[in-house]
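**Q** Using only what follows, build the 3D model:
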Amino acid sequence: MTRSSLARDDVRTFKTLGLLGDIFKLSIKMKSEGVDFLPLHLGDPARFDFPPLPSFNEGIIRALENPLSYSYGNPQGFLPLLEKIAEIEGTEPRYVFTGNGVSDMMDKLFNAMAVRGANFLLPAPVFAPYLDVNTKNNIESRLYRCDPQTWQPVLSSIESRIDDATSLVLINSPNNPTGAVYHDEKVRAIIELAHEIGLKRRRKDIPPLCLLFDEIYSEHYFEKKPADVRPLLKDREITWVKFNGASKAFNVTGLRVGYAVLGGVERDALREALYNECILPLCMNSIFQEGYLAALCDPAKEEYFRKNRERLRRRRDLMLDAFSRIPGISVVKPEGAFYMIIRMDTKFKTDLELGLALLTEEKICTSQMSAFFDDETHPGGTMLRLVILPPEDMLENAMSRFAQFMERHGKR
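**A** Presented below is the predicted three-dimensional model:
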């Protein structure tokens, strides 16, 4: 058999390239040429006016003064941090793992679960790296539908996509890219469905479903707090994993500290496999883990979270009000996270064409929504993901530019 390249074609065409693809590359070129643009594309609070909690920095400084911080650490994570997370999550430290961000934990977990022939269910739209980690690990991705009028998951779509080879179902709330906070009854229904399937599988000697709750935006909600899944998971015939971390809650995206908590029927088998995954890089960054521990132990964190939420809510409402007055733009009100999805009725046929035109003409950088779907689940139309992080004056400038753009390109 001949091959044209040593590199895998499926890895060279990752879906994340759509998220950080041609629009992003053009923005980098413009920046190198000294051309300013409004960055509404990446959910990175540290690039705007969202500093970390001071105790996070203080914990890092203390760690830097400790010679043992420069040595190899426990592959599972810094033990005092594991103990603190276990206290917060109501579990034992042995079922907590830290990694270099949730994306790293995703890669380790999915590789640990990459049984030949398995498929994983992901919401449509979904954070693109989930698709690419599946591709890398030879896992089939199946996307279940979310209602484009609300971005809430459609239970019948989940049920119809599950078969005996389905290992995992992802629930991401608050959601990236939509900003949806899944309603309590939706989350409860998904858990009950998984439990019923688990009972049937027990009779057929098939492992239960694993529910993965990605809660990295858990501190960013605007009206109702996301559902606490812990009481709903008790005594259910499922395995479950929760992802969370420092990046979004404490505005330290570049420091890369995330964690996974394991529970349910097969948590011990999963723990063994995940521990072995964590051995491969030997350990993760111990100094940043100590910063995270200091922040988690700080009583000031709740007020810090509240102020961040209030600032984001004001910016969301500014954008919603402005878009409501621009013909040809429609929005589903986000309930959390850093994002807003807009649908633009223009002459452009694809969101890539639309995003490139916005960046070229109005110097607004966005993310194309097609990067978050597959061909089957994309609801059609040209949609873009925007961040709601920038200060009010920057957002007001952006809204004015959107209005100018739609005056030229909006359908009459």
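
**Q** In the host helix or strand of Glu310, which residues are buried?
**A** Element membership for Glu310 (DSSP states H and E) is helix 301-324. For helix 301-324, burial by neighbour count (16 or more other CB atoms under 10 Å) applies to Lys301, Tyr304, Phe305, Asn308, Arg311, Leu312, Arg313, Arg315, Arg316, Met319, Ala322, Phe323. Placement of C-beta: from N, CA and C, glycine included.

**Q** Identify, from the residues you listed, the entry nearest to Thr377.
**A** Top of the list for closeness to Thr377, among the buried residues of helix 301-324 and by CB to CB, is Phe323 at 24.5 Å.

**Q** Does that closest one touch Phe402 like I think?
**A** Yes. With contacts counted by CB atoms under 8 Å, Phe323 reaches Phe402, the gap being 7.4 Å.

**Q** shared neighbours of those two, which are they?
**A** Ile329 (CB atoms under 8 Å, 6 or more residues apart in numbering).

**Q** thinking again about what came up before, got a list of contacts for the helix holding Glu310?
**A** So helix 301-324 is contacted by 45, 49-50, 53, 55, 219-222, 249, 251, 295, 329-331, 333-334, 338, 340, 342, 386, 388-392, 395-396, 399, 402-403 (CB under 8 Å, 6+ apart).

**Q** packing partners for the helix or strand hosting Glu87?
**A** Here Glu87 sits within helix 79-89, counting by DSSP H and E. In terms of contacts (3 or more CB pairs under 8 Å, 6 or more residues apart in numbering; DSSP states H and E), helix 79-89 is packed against strand 96-99, strand 258-264, helix 286-296.

**Q** angle of it against helix 286-296?
**A** 40 degrees (axes from the mean of the first three to the mean of the last three CA atoms, to 10 degrees).

**Q** what mean pLDDT does helix 79-89 have?
**A** For helix 79-89, the mean pLDDT works out to 97.

**Q** can you check stretch 249-265 too?
**A** Stretch 249-265 shows a mean pLDDT of 95.

**Q** burial measure for Gly263, as a count.
**A** 23 (other CB atoms under 10 Å).

**Q** Skip the chain neighbours and tell me the closest residue to it.
**A** Nearest non-adjacent residue to Gly263, counting by CB to CB, 6 or more residues apart in numbering: Trp240, 4.9 Å away.

**Q** Looking at that neighbour now. What's its pLDDT?
**A** Trp240 is given a pLDDT of 97.

**Q** Specify the local secondary structure of it.
**A** Three-state call for Trp240 (DSSP: H, G, I helix; E, B strand; the rest coil): strand.

**Q** how much space between it and Ser400?
**A** When distance is defined by CB to CB, to the nearest Å, Trp240 is 46 Å away from Ser400.

**Q** Show me which of the two is the more surrounded one.
**A** Remark: of Trp240 and Ser400, Trp240 carries more neighbours, 28 against 13, as counted by other CB under 10 Å.

**Q** Which SSE is immediately downstream of the helix or strand bottoming out on mean pLDDT in the chain?
**A** For the chain, using mean pLDDT, DSSP states H and E, the weakest element among its helices and strands is helix 16-19, scoring a mean of 64. Remark: after helix 16-19, the chain's next helix or strand is helix 22-32, criterion DSSP H and E.

**Q** Apart from its neighbours in sequence, what residue is nearest the residue nearest the centre of the chain?
**A** Nearest to the geometric centre of the chain sits Asn176, at 4.9 Å (CA atoms, centre = their mean). Using CB to CB, 6+ apart and skipping residues adjacent in sequence, the residue nearest Asn176 is Phe127, 4.9 Å away.

**Q** quick one, strands of the stretch 1-150 of the chain?
**A** Assigned by DSSP state E, counting those that start in this stretch, the strands in the stretch 1-150 of the chain fall at 38-39, 96-99, 119-124, 140-145.

**Q** and these, which is most packed in?
**A** Among the strands of the stretch 1-150 of the chain, ranked by average contacts under mean count of other CB atoms under 10 Å, first place goes to strand 96-99 (a mean of 27).

**Q** Relative to that strand, what are the paired strands and their orientations?
**A** strand 258-264 (antiparallel) (DSSP bridges).

**Q** Can you give the contact residues for the strand it pairs with?
**A** By CB under 8 Å, 6+ apart, the list of residues contacting strand 258-264 reads 77, 85-86, 89, 91, 95-105, 108-109, 208, 210, 216, 233, 236, 238-247, 270-271, 274.

**Q** Mind giving me the ChimeraX select for those, buried ones only?
**A** Buried subset of these, written as a ChimeraX selection, criterion 16+ other CB under 10 Å:
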select :77,85,86,89,91,95,96,97,98,99,100,101,102,103,104,105,108,109,208,210,216,233,236,238,239,240,241,242,243,244,245,246,247,270,271,274
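
**Q** how about Gln289, what does it touch?
**A** Gly73, Gly77, Phe78, Leu81, Thr98, Val257.

**Q** Test for you: state the pLDDT assigned to the residue lying closest to Leu81 once chain neighbours are set aside.
**A** Setting aside the residues directly before and after it, Leu81 is nearest to Leu293 in space (CB to CB, 6+ apart), at 4.4 Å. We have a pLDDT of 97 for Leu293.
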